[in-house]
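Peer 1: below are the sequence and a predicted model; questions follow.
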Amino acid sequence: MFILKGIEQLEKAIAKAKKVRPRVEFDHFGRYRVSGSKGYYTVICRKSDNGYKTVDCTCKGAEKGLVCYHAAAALSLHVGLARRQQQAA
Ligand SMILES: [Zn+2]
């Protein structure tokens, strides 16, 4: 898991996601399935009670606190959905 502080921290992961082009499947808002080298990983994006945005991925890299490209791919979908929700509210 890592805490999302800004887009800069995602730059490398986004670049990798653009190259790898993983499949991102929508499960429900904040929960996505992203294809990886060994099948699908689950990515969970949420906002903690103290306002931090946290991202969880079930891959090995994320376990060590790395920003993986699965998280970057899921986040790009999540951010778009969150924006749409805000506009609807
Ligand atoms: Zn991952």
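Peer 2: That came through fine. Numbering: from 1, shown residues only.
Peer 1: what residues does the chain have near the ion?
Peer 2: The interface of the chain toward the ion, taken as Cβ under 5 Å from the ion, is made up of 41, 57, 59, 62, 68, 70. For glycine as for every other residue, the C-beta is placed from the backbone atoms N, C-alpha and C.
Peer 1: compare these and tell me which is most surrounded.
Peer 2: Greatest neighbour count in the residues of the chain next to the ion, by other Cβ atoms under 10 Å, goes to residue 70: 29 neighbours.
Peer 1: surely that residue forms part of a helix?
Peer 2: Yes - under DSSP: H, G, I helix; E, B strand; the rest coil, residue 70 falls within a helix.
Peer 1: not counting sequence-adjacent ones, nearest residue to it?
Peer 2: Distances taken as Cβ to Cβ, 6 or more residues apart in numbering put residue 34 closest to residue 70, at 4.0 Å, once the chain neighbours are dropped.
Peer 1: and that neighbour, helix, strand or coil?
Peer 2: Residue 34, by the three-state scheme (three-state DSSP), is strand.
Peer 1: so what's the residue count around it?
Peer 2: With neighbours defined by other Cβ under 10 Å, the count for residue 34 comes to 25.
Peer 1: after the strand ranked longest in the chain, which helix or strand is next?
Peer 2: Longest strand in the chain by number of residues, with DSSP state E as the criterion: strand 39-47. Counting by DSSP states H and E, the element after strand 39-47 in chain order, helix or strand, is strand 53-57.
Peer 1: just the buried positions in that next one, please.
Peer 2: With burial defined by 16 or more other Cβ atoms under 10 Å, the residues of strand 53-57 counted as buried are 53, 55, 56, 57.
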